[in-house]
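Enquirer: fold the stuff below for me.
(one chain, ligands or ions: 1)
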Amino acid sequence: QKRPKNYPPGPYGLPIFGHLLQLGPSPHITLLKLKEKYGPIVAVDFGSYPAIGISDYRILREALAHPSFAGRPNLNVFQHRSRDVIARGLLFTEGRQWLEQRHFAIKQLKALGYSKTSIETTVQAEISDFLINLKADCNRPMSIRTRFHAPVLNILWALIVGERDTTGEAAMLFKICTESIEEHNGLASLCMFIPWFSKIFPKLSGLDEMNKNLGPLWAFFEKYIKDHQSTFIPGQVRDFLDAYIQEIQNTTDPSSSFYKEVGERSMLSTLLDLFFAGGETTANTIHWTCLYLASFPKVQKRLQDEVDSVIGNSRLPALTDEISMPYTCAVIQESMRFTALIPLAIFHSTTQDVELKGYKIPANTMVLMNVYSALHDKEYWGDPEVFRPDRFLDDEGKLIKHEPMVPFCPGKRVCIGEVLARNELFLYITSLFQTFSISTDPANPNPSLDPIVTWIQMPPDHHLMFTQRNS
Ligand code: HEM
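Expert: Sure, this is the predicted structure:
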């Protein structure tokens, strides 16, 4: 692709690889370093894909709000995942297809109460079961690596297929998929961005295995889809899946993403999107918060004091408590800031030629929204590498809004699960620390807080000890 005259500056790259090797295992950190020499908008090539990285929260907000930056790159893994020649669903699509799937998902999830207090009872029931299970394992160091996945997925499951997944099969299948992404992370990015690499080395690249692992997950979803199709009564929508089936039945426009077979493929991909986007993210944020509070006992004690004085120990935490618990909210905010869970958001792409801060960026340029750079901006935060929830409170103890706080990427592609995630985080964190004190493993009292970087920043494996309070 020919670059326009005032394309953003950037370092020299290698033939074939572009800057993939230079960007290393933590591209968000490398982009921050490149910012010192080239400024906040820097050109880097991801193998065959020209890309720009944006590492300034003001420019990030401007780009995220602009429709020309709301595309997604057309990568082979997204097509494989959709079992089609183009990506389907809503997470990795753009244009009309994305808008249709996004509007539909938001409308239906709203109708099912996902952003309202009506989801509270479902979350509380899930948490109660989760706490009972945890009590059986308390007072000894244990790995919590995948502990939060099943309860978080169950909440989505209840919304989407109308029942809890009591078998734990969904959580297990997701675990296999995420572990294989983790295992093949480096090579997988080579075959994502240098497509012929995966054709020559399908085994080595890990793409084969990742696709193989998706098979049982697809089959699992298909079982539920078939079940719903055979019991669906038109006009009687029980859950998200029913609403989708109804939409497919009502669609007569052959160019719609809900039309017939395309509609069925879109349904499967949208389901996968909701579970991947909603499960891993929320479960890992709860995990990170437990790790931070075990590592910083004074913060934990202050949070527990607030839980004790506002909620006590004779009832379950409720969403109405949030307004009286600014310190707890500040801890959750700081946990999301400190973690920068999705450090480069999900790759964006320009949908047409566009100008940003005087630079010309052609259509189909991949855009790396460096969320990490905003959440760790040294000039703004002063001490971004310190875990300090008080930065979210003013002198009167009220919550402060900060412009660089963009963990959900406000703008055209803002996370559709933000409210659900925030509600879940509040209920999980308050319930956990109402019931338990969490400490580090005496054999490893200062566990590493360095993340394992894949598309998200995962907590390293370590052991924590849960001790029941007021027992
Ligand atoms: C702490 C939890 C969560 C975090 C930090 C988070 C963060 C994000 C981020 C950074 C994006 C990318 C936005 C962009 O591309 O600019 C995103 C997209 C998305 N999230 Fe979340 N998310 C969380 C929970 C959830 C939940 C619970 C759901 C389920 C309903 C969900 C569903 C989605 C979907 C479907 C998208 C794609 C939106 C689109 O491409 O238009 N997320 N999320």
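Enquirer: which positions in the chain make contact with the ligand?
Expert: 90-91, 102, 273-274, 277-278, 281-282, 285, 341-342, 345-346, 407-409, 413, 415-417, 420-421 (C-beta under 6 Å from any ligand atom). Placement of C-beta: from N, CA and C, glycine included.
Enquirer: shaky segments in this protein?
Expert: Within the chain, the stretches with pLDDT under 70 are 1, 114-118, 177, 180-191, 195, 197-198, 201-207, 209, 471.
Enquirer: by contact count, what packs against the lengthiest helix in it?
Expert: The helix that spans the most residues within the chain, counting by DSSP state H, is helix 207-231. Applying 3 or more C-beta pairs under 8 Å, 6 or more residues apart in numbering; DSSP states H and E, one finds that helix 207-231 makes contact with helix 76-82, helix 169-183, helix 185-193, helix 240-250, helix 260-275.
Enquirer: run the last query once more with 7 Å
Expert: Packing partners of helix 207-231 (3 or more C-beta pairs under 7 Å, 6 or more residues apart in numbering; DSSP states H and E): helix 169-183, helix 185-193, helix 240-250, helix 260-275.
Enquirer: which residues does stretch 248-255 contact?
Expert: Residues outside stretch 248-255 that contact it (C-beta atoms under 7 Å, 6 or more residues apart in numbering): 258-259, 263-264, 267.
Enquirer: same thing with stretch 418-433?
Expert: The set of residues external to stretch 418-433 that reach it, using C-beta under 7 Å, 6+ apart, is 114-115, 119, 123-124, 127, 131, 152, 155, 281-282, 285-286, 289-290, 300, 303-304, 307, 311, 316-317, 319, 321-322, 328, 332, 408.
Enquirer: if you set the cut-off to 8 Å instead, what comes out?
Expert: Counting contacts by C-beta atoms under 8 Å, 6 or more residues apart in numbering, the residues outside stretch 418-433 that touch it are 109, 114-115, 119-120, 123-124, 127, 131, 148, 152, 155, 278, 281-282, 285-286, 289-290, 293, 300, 303-304, 307, 311, 316-319, 321-322, 325, 328-329, 331-332, 408, 415, 438.
Enquirer: so what does the residue of the stretch 351-471 of the chain at minimum distance from the ligand look like in phi/psi?
Expert: With C-beta to the nearest ligand atom, the shortest gap between the stretch 351-471 of the chain and the ligand falls at residue 417, namely 2.1 Å. Here is the backbone geometry of residue 417 (degrees, to the nearest 10): phi -100, psi 20.
Enquirer: how about residue 464?
Expert: In terms of degrees, to the nearest 10, the main-chain angles of residue 464 are phi -120, psi 160.
Enquirer: just to revisit the earlier point, buried members of the contacts of stretch 248-255 into PyMOL, please.
Expert: Listed next is the PyMOL selection for buried residues among these, using 16 or more other C-beta atoms under 10 Å:
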select buried, resi 258+263+264+267
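Enquirer: just the strands in the stretch 251-400 of the chain please.
Expert: 348-349, 354-356, 359-361, 366-369 (DSSP state E, counting those that start in this stretch).
Enquirer: would you mark the buried spots in the second one?
Expert: Going back to what we said before, that points to strand 354-356. By 16+ other C-beta under 10 Å, the buried positions in strand 354-356 come out as 354, 356.
Enquirer: begin at 327 from now on, thanks
Expert: Sounds good: first residue 327 from here, last item strand 680-682.
Enquirer: thought residue 502 was touching residue 541?
Expert: No: using C-beta atoms under 8 Å, residue 502 is not in contact with residue 541; the gap is 10.4 Å.
Enquirer: of these two, give the one with the bigger neighbour count.
Expert: Remark: of residue 502 and residue 541, residue 502 carries more neighbours, 15 against 10, as counted by other C-beta atoms under 10 Å.
Enquirer: how many neighbours does the nearest residue to that one once chain neighbours are set aside have?
Expert: Once flanking residues are discounted, residue 502 sits nearest to residue 539: 5.1 Å by C-beta to C-beta, 6 or more residues apart in numbering. Using other C-beta under 10 Å, residue 539 is surrounded by 18 other residues.
Enquirer: the one 5 residues further on too?
Expert: Around residue 544 sit 17 other residues, with neighbours defined as other C-beta under 10 Å.
Enquirer: how much space between it and residue 349?
Expert: The spacing between residue 544 and residue 349, counted by C-beta to C-beta, to the nearest Å, is 32 Å.
Enquirer: name the residue closest to the centre of the protein, please.
Expert: Among the residues of the chain, the one closest to the centroid is residue 607, at 3.8 Å (C-alpha atoms, centre = their mean).
Enquirer: residues in contact with that one?
Expert: So residue 607 contacts 667-668, 743, 747, 782 (C-beta under 8 Å, 6+ apart).
Enquirer: just put the residues you listed in CSV and tack on distance to residue 696 and neighbour count.
Expert: Formatted as CSV, these follow (distance: C-beta to C-beta, whole Å; neighbours: other C-beta atoms under 10 Å):
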residue, distance to residue 696, neighbour count
667, 14, 23
668, 11, 22
743, 22, 22
747, 21, 19
782, 15, 19
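Enquirer: out of the residues you listed, who's nearest residue 711?
Expert: Lowest distance from residue 711 to the contacts of residue 607 (C-beta to C-beta) belongs to residue 667, with 16.5 Å.
Enquirer: isn't that closest one right up against residue 613?
Expert: No: in this structure residue 667 lies outside contact range of residue 613 using C-beta under 8 Å: 10.4 Å.
Enquirer: burial check on residue 428, number of neighbours?
Expert: Using other C-beta under 10 Å, residue 428 is surrounded by 19 other residues.
Enquirer: then residue 764?
Expert: Neighbours of residue 764 under the rule other C-beta under 10 Å: 21.
Enquirer: element containing it, please.
Expert: Here residue 764, judged by DSSP states H and E, is contained in strand 762-766.
Enquirer: what strands flank the very next helix or strand once past that strand, and is each parallel or antiparallel?
Expert: Sequence-wise, the next helix or strand downstream of strand 762-766 (DSSP H and E) is strand 778-779. Strand 778-779 sits in its sheet next to strand 783-784 (antiparallel), going by DSSP bridges.
Enquirer: circling back to that earlier point, which pair of the contacts of residue 607 spans the longest distance?
Expert: Going by C-beta to C-beta, the pair spanning the contacts of residue 607 furthest: 743 and 782, at 14.0 Å.
Enquirer: and the residue lying closest to residue 664 once chain neighbours are set aside, what does it touch?
Expert: Spatial nearest neighbour of residue 664, chain neighbours left out: residue 713 (5.3 Å); criterion: C-beta to C-beta, 6+ apart. Each residue near residue 713 by C-beta under 8 Å, 6+ apart is listed here: 618, 621-622, 625, 660, 664.
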